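S.K.: take a look and give me a structure for this.
(one chain, ligands or ions: 1)
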Amino acid sequence: MQKKLNKGTLCVQGGWQPKKGEPRVLPIYQSTTFKYDTSEQMARLFDLEDSGYFYSRLQNPTVDAVGAKIAALEGGVGAVMTASGQAANFYAIFNICEAGDHFVSATTIYGGTYNLFTVTLKKLGIDVTLVDPDAPVEEIEKAFRPNTKALFGETISNPSVNVLDIEKFANIAHKHGVPLIIDNTFATPVNCRPFEWGADIVTHSTTKYMDGHAVAVGGAVVDSGNFDWEANKEKFPGLTQPDESYHGLTYTAAFGKAAYITKMVAQLMRDLGSMMSPENAFLLNLGLETLHLRMPRHCQNAQRVAEWLKNHPKVEWVNFCGLPDSKYYALAQKYLPDGACGVMAFGIKGSKEDAIRFMDSLGFIAIVTHVADARSCILHPASHTHRQLSDEQLLEAGVAPDLMRLSVGIEDVEDIIADLEQALSKI
Ligand SMILES: *Cc1c(COP(=O)(O)O)cnc(C)c1O
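M.R.: Sure thing, here's the model as predicted:
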């Protein structure tokens, strides 16, 4: 039923479909455990022969309803909700990579993901090669090896706000027999559905626009069900060979299109946890109910602000893919025709101290380690989120040392501009 509905209806009504006499609003199932009548019923659940809830580390009805909504919005076969976006990206990779494996990622990724990929996954024996996503196809292909298991990129990169050529990336991944994993946090499915452009797995930090109110950290992994694991059998033994920890069950044989996402619940959630809490899922669901209303407003406000900054004499540069002279304008027109997001990057004329004075002079546009919520906020990645990176690594991640990341909220745009104006007048 859900696949046929449009995005706006899915935002409001997707996921939770109450039956007769059940609550109209998604309830919080604040329970770690679920009751069964016989030992046999419980045993069948543990063998994955029946589906049902037994322990909220693996699955919970509130969390599942939100996962179903996000899966429907992205057009996937299923989603796993995680405690954070970091956990989502870790699970997306770790579900198909183990020690000795390798994957390829765009350099232009979120700072936390950069550390996860280049430091923590390396400690687990999983190697990554970072590629400039704007490089020619042949250049990117050089990064692939026989043990490469995935290609990764962000639809709109955080914080450099570059737009990824998803179709180009999908073609490269598929030519090498691996899935394309796309972090779609900034675009959200309201503005872009990567599966329609060939991506196989989508991840989210739901902490950002999906929640939209900065109240609950969370993440999601969505499976399109489109990647043919069996056609690349030898690359993905975890999916195509018997799982000894599940009595020799083979995920592709038992679950078909849902093999990847079922393995993630059955194995990774079982062994590693990182499940979203029911209460956070409830809050996220409230945010999702207005996602289709908030995104256009974020985009309209950001367009106005970007054009205004661009013409301001104290502003050196603005990177916003909605500006016609942006390097990413054409890609944005293709992948994000209804608008990209409310986030932009810019630099002002002057020193780093001027940038700091400017930020400290802002009124309701707050300096916070957050982005993509209803309230406008600003951050200087080189001094905040990306502090651990060297200047060289910063440039590689597309983060100029003077880059300020402005996340335009859904307040009245005249007030946002007035706040920027008065702060710029202080320098
Ligand atoms: C914030 C963010 C993450 C990490 O998500 P958390 O919810 O903070 O763990 C991953 N990817 C992108 C693009 C992000 O913006």
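S.K.: every contact and neighbour count from this point should use C-alpha atoms.
M.R.: OK.
S.K.: tell me which parts of the chain are close to the ligand?
M.R.: Taking C-alpha under 6 Å from any ligand atom, the part of the chain that reaches the ligand is made up of 84-86, 110, 158, 183, 185, 205, 207, 217-219.
S.K.: next up, the contacts around Arg297.
M.R.: Ile410 (C-alpha atoms under 8 Å, 6 or more residues apart in numbering).
S.K.: so it, which state does it fall into?
M.R.: Taken by DSSP: H, G, I helix; E, B strand; the rest coil, the conformation at Arg297 corresponds to helix.
S.K.: filter the residues of the chain next to the ligand down to the ones in helices?
M.R.: Among the residues of the chain next to the ligand, DSSP state H puts 85-86 in helices.
S.K.: the residues of the chain next to the ligand in strands, which ones?
M.R.: Counting by DSSP state E, the residues of the chain next to the ligand place 183, 205, 219 in strands.
S.K.: dump the residues you listed to JSON lines, plus distance to Ala258.
M.R.: Shown next, in JSON lines, are those (distance: C-alpha to C-alpha, whole Å):
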{"residue": "Asp183", "distance to Ala258": "19"}
{"residue": "Ser205", "distance to Ala258": "22"}
{"residue": "Gly219", "distance to Ala258": "19"}
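S.K.: part of a strand, is Asn282?
M.R.: Check again: residue 282 is Phe, not Asn. No - read with three-state DSSP, Phe282 is helix and lies in no strand.
S.K.: any idea which of the ones in strands among the residues of the chain next to the ligand is closest to Asn60?
M.R.: When those are compared for distance to Asn60 (C-alpha to C-alpha), Gly219 wins out at 15.2 Å.
S.K.: so how many other residues sit close to that closest one?
M.R.: For Gly219, the count of nearby residues is 27 (other C-alpha atoms under 10 Å).
S.K.: could you do Trp16 as well?
M.R.: Trp16 has 21 nearby residues by other C-alpha under 10 Å.
S.K.: assign it to helix, strand or coil.
M.R.: From three-state DSSP, the assignment for Trp16 is coil.
S.K.: identify the residues contacting it.
M.R.: Here Trp16 is in contact with 25-26, 65-66, 69 (C-alpha under 8 Å, 6+ apart).
S.K.: filter the residues you listed down to the buried ones, PyMOL style.
M.R.: Only the buried entries of the contacts of Trp16 go into this PyMOL selection, using 16 or more other C-alpha atoms under 10 Å:
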select buried, resi 26+65+66+69
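S.K.: from the contacts of Trp16, which is closest to the ligand?
M.R.: Val66 (15.8 Å; C-alpha to the nearest ligand atom).
S.K.: quick one: that closest one is in a helix?
M.R.: Yes - assessed with three-state DSSP, Val66 lies in a helix.
S.K.: quick one: it and Leu286 touch, right?
M.R.: No - with contacts counted by C-alpha atoms under 8 Å, Val66 stays clear of Leu286, the gap being 9.8 Å.
S.K.: so what's the residue of the chain found nearest the ligand scoring on pLDDT?
M.R.: For the chain, the residue positioned closest to the ligand under C-alpha to the nearest ligand atom is Gly85, at a distance of 3.3 Å. Listed pLDDT for Gly85 reads 98.
S.K.: right, I'll leave it there.
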